[in-house]
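In: Whatever this is, show me its structure:
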Amino acid sequence: MKTKICYTSNTGFTETYAGWLGESLKNSPARLKEVSRSDLAGLELVIYAAPVHAGRIAKLGRVRRMVQRLGGTKLIIIAVGASEDDEENTGKLLGKNFPGGLQEDTSFFYLRGGMNYGELKGFMKWMMGTFRNATMKKDPAQLSEDEKEMLASFEHPVDHSSREFLVPVLEYVTSLETITN
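Out: Take a look at the predicted model:
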């Protein structure tokens, strides 16, 4: 199956997952900013991995537009975030990023990554600093586990990345290859 893995990464967690995915699929990942629409022409599958910030998947609109213009190309979205992978978080993420639901040719996976405030730059650093300041004003007894962990990660980076989290993605890609062969 003709496939391209592309990604966006701010602190390295998504890049790590893209690298592991590339190793497993024997396919070199490329940063999204280095990928043009012509690079995707003739592909059967595009896998896009991106970080989640404030509930939004980075550069998702750009990727969706690029792939939609190709017609007939399947798209796998891999969102990487610091939050726990559970139904509630995934449901919120899907609702915010795919308000009309997933299209028939699009599949979605969420992988837990981490948080390294020291690696953030510019707007992302400012945005996370604003989040930290707002969260610190809350009553500590009312903080969720995610909020507590996020506050702690400003002082001590957290990394939950694991190759095991990629297993469902790899199984799905294998199933697609079986269908097309």
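
In: For residue 78, identify the helix or strand it belongs to.
Out: strand 74-81 (DSSP states H and E).

In: Now do that strand: everything it contacts.
Out: With contacts defined as CB atoms under 8 Å, 6 or more residues apart in numbering, strand 74-81 is touched by 13-14, 17, 21, 44-52, 57, 60, 63-64, 67, 89, 93, 97, 103, 105-113, 169, 172-173, 176. In this view, the C-beta of every residue, glycine as well, is placed from N, C-alpha and C.

In: State the three-state secondary structure for residue 85.
Out: Secondary structure, DSSP: H, G, I helix; E, B strand; the rest coil: residue 85 is coil.

In: Pairing partners for the strand holding residue 78, with directions?
Out: Strand pairing for strand 74-81, using DSSP bridges, gives strand 45-53 (parallel), strand 106-112 (parallel).

In: between those strands, which one is nearest to residue 5?
Out: Proximity to residue 5 (CB to CB) singles out strand 45-53 among the strands paired with strand 74-81, at 4.7 Å.

In: Tell me the gap between that closest one and the middle of its chain.
Out: Distance of strand 45-53 from the chain centroid (CA atoms, centre = their mean, to the nearest Å) equals 4 Å.

In: In PDB, list the C-alpha atoms belonging to that strand.
Out: Extracted in PDB, the C-alpha atoms of strand 45-53 (Å, rounded to 0.1, in the frame of the first residue of the first chain):
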ATOM      1  CA  LEU A  45      -2.900   6.100   2.600                       C
ATOM      2  CA  VAL A  46      -1.700   9.200   4.500                       C
ATOM      3  CA  ILE A  47      -0.900   8.900   8.200                       C
ATOM      4  CA  TYR A  48      -0.700  12.200  10.000                       C
ATOM      5  CA  ALA A  49       0.500  12.400  13.600                       C
ATOM      6  CA  ALA A  50       0.200  15.700  15.500                       C
ATOM      7  CA  PRO A  51       0.200  17.100  19.000                       C
ATOM      8  CA  VAL A  52      -3.000  18.200  20.800                       C
ATOM      9  CA  HIS A  53      -3.000  21.700  22.300                       C
END
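
In: ok, then the element right after that strand?
Out: Reading on from strand 45-53 to the C-terminus, the next helix or strand found by DSSP H and E is strand 56-57.
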